[in-house]
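> Below is the structure, and that's it, no one-letter string:
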C-alpha cells in the first residue's frame, strides 16, 4: 500500500493549492509526482468524467462554462481540465480557456486547470489522465475535460471520458469533417452549437443521416442457415426463441446556443441519460477498464522511453549528438533502435 505523502494528504482534504502544485509537477513531468499519485490512486474512481471535443471555434469553452453552472445548481463539485494546444516550436500553450470561465473563479466548488498537450497526437497529454485522478481524489463529483479540436488521431477522449460530447457548429465544414474524423465513433452526444446560425438544421439532418447509415452498416446479418431454420420452425408452428440484440446507445443530436444558455438543460439531461445507460448495461466498468489500459500503456511507454534515452546518453552521447550523426549518415538509426530495444528487454 502506498504511503500517504504530505502533499497528497492535503489534496485528499480538498486543498486547491496543493492540487494545483501537484498538477504543475505532473504537467512538468517531475519524478516527485509519482509518490503523490500512488498515494491518491486508491481514493479515485468516484468522479464522472465528461469530455467535450470539436473543431476550434465551435464554442466548447462557452458550453463548458454553462455546464459548470448547471452542475453547480445540482450541488455537485466540478473540476475542469482545459487542454490547450502547445506550440511545437516554443513549447508554450495559449491557456485561454480559464479566461473565458472567470465567473467561476471565486466558487470553492469549482476547480479549473489548463494543461498543454505537449505535441501529443491524440490531443490529450498523458498528464491529463493523472490530473483527472487528482481532481477525483480531491472530491470533484464531475470532471469536464475540454480538448483540442477533432482530428484523425484525436479520439483519446472517447477512452478517457465516460460521456463524450462532440460540439459541432454550422458553416465550418463540420459536415465533411465529421466523416473524415470518425467522430461518429467518438460521440455519445452531439451538440450543434450556435444553432441560431444558418445551416444548423442542415447540420442536424446530415449528422442524423450519417448515424442512420452507420447503424445500417453495423447491423449484424443473421447466419444464412440459422435464418432458414427459423423460417422452417415458424412454418411448422414451433416456438422460436429469438435472441434480442444487445442494447445500443443512439447518440442524441441537440441544438444549442451556449452564448444564450439555450439547450443547455437538454444537454445535461442527455448526459445524465447516457450515464444511466452505462450503469444499467455495465458499460461504465468496461469504459473504465479501457481507460485503465490506455493510461497504463502510456505510462509504460513513457518509462521505457525515458530508460532508453538515458541508456543512449550513457553509451552513445546525447540525443541531439546521435541525431546529428544519423543525419550525416554516420550512424544507422535502425541498428541503434534495435540494439537499445534488445538491451532493455534483457
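Perfect, I can see it now. Note that the coordinates shown come from a computational prediction; the quantities given were computed from them, not determined experimentally. Numbers count the residues shown, from 1 in each chain.
> just so I have it, where are all the strands in this structure?
48-54, 78-84, 110-116, 142-146, 163-168, 189-192, 253-255 (DSSP state E).
> what's around residue 321, how many residues?
13 (other C-beta atoms under 10 Å). Heads up, the C-betas are built off the backbone N, CA and C, glycines and all.
> and residue 299, which of the strands of the chain is closest to it?
strand 110-116 (16.5 Å; C-beta to C-beta).
> quick one: strands adjacent to the closest one?
strand 78-84 (parallel) (DSSP bridges).
> Now the partner strand: average pLDDT?
What strand 78-84 shows for mean pLDDT is 88.
> Can you give me the neighbour number for residue 281?
Around residue 281 there are 14 residues (other C-beta under 10 Å).
> Verify the stated contact: it with residue 275.
No. Under the criterion of C-beta atoms under 8 Å, residue 281 lies out of contact with residue 275, with a separation of 11.3 Å.
> before we move on, the earlier item: tell me which of the strands of the chain is the most buried.
Neighbour counts (mean count of other C-beta atoms under 10 Å) averaged over each of the strands of the chain peak at strand 163-168, with a mean of 28.
> Next, the residues that contact that one from outside, please.
Contact partners of strand 163-168, identified using C-beta atoms under 8 Å, 6 or more residues apart in numbering, comprise 48-55, 58-60, 63, 150, 157-158, 174, 178, 183, 186-193, 203, 207, 267, 271, 274-275, 278.
> now it, how far from the chain's geometric center?
10 Å (C-alpha atoms, centre = their mean, to the nearest Å).
> now stretch 300-315
27 Å.
> Could you tell me the average pLDDT over it, please?
Stretch 300-315 comes out at a mean pLDDT of 84.
> in it, what's buried?
Residues of stretch 300-315 classed as buried by neighbour count (16 or more other C-beta atoms under 10 Å): residue 312.
> Now do the helices in this protein.
With helices called from DSSP state H, the chain shows them at 6-12, 16-27, 33-40, 60-73, 126-137, 156-160, 174-181, 183-186, 200-218, 224-235, 264-281, 283-316, 319-327, 333-345.
> Any idea which of those gets closest to residue 248?
helix 200-218 (8.1 Å).
> Could you list the low-pLDDT ranges of the stretch 1-150 of the chain?
1-2, 84-102, 117-125, 148-150 (pLDDT under 70).
> The same query, at a cut-off of 80, please.
Residues of the stretch 1-150 of the chain meeting the criterion pLDDT under 80: 1-3, 55-56, 84-103, 105, 116-126, 148-150.
> Look up the closest residue to the residue most central in space within the chain, ignoring the ones flanking it.
Most central in the chain under C-alpha atoms, centre = their mean is residue 157, positioned 1.8 Å from the mean C-alpha point. Excluding the flanking residues, the one nearest residue 157 by C-beta to C-beta, 6 or more residues apart in numbering is residue 51, at 3.8 Å.
> so the one you found touches residue 158, yeah?
Yes. Contact criterion C-beta under 8 Å: residue 51 and residue 158 qualify, at 7.4 Å.
> Provide a list of residues in contact with the residue nearest to residue 157.
Residue 51 neighbours (C-beta under 8 Å, 6+ apart): 144, 145, 146, 147, 157, 158, 160, 161, 163, 164, 165.
> With that, I have no additional questions.
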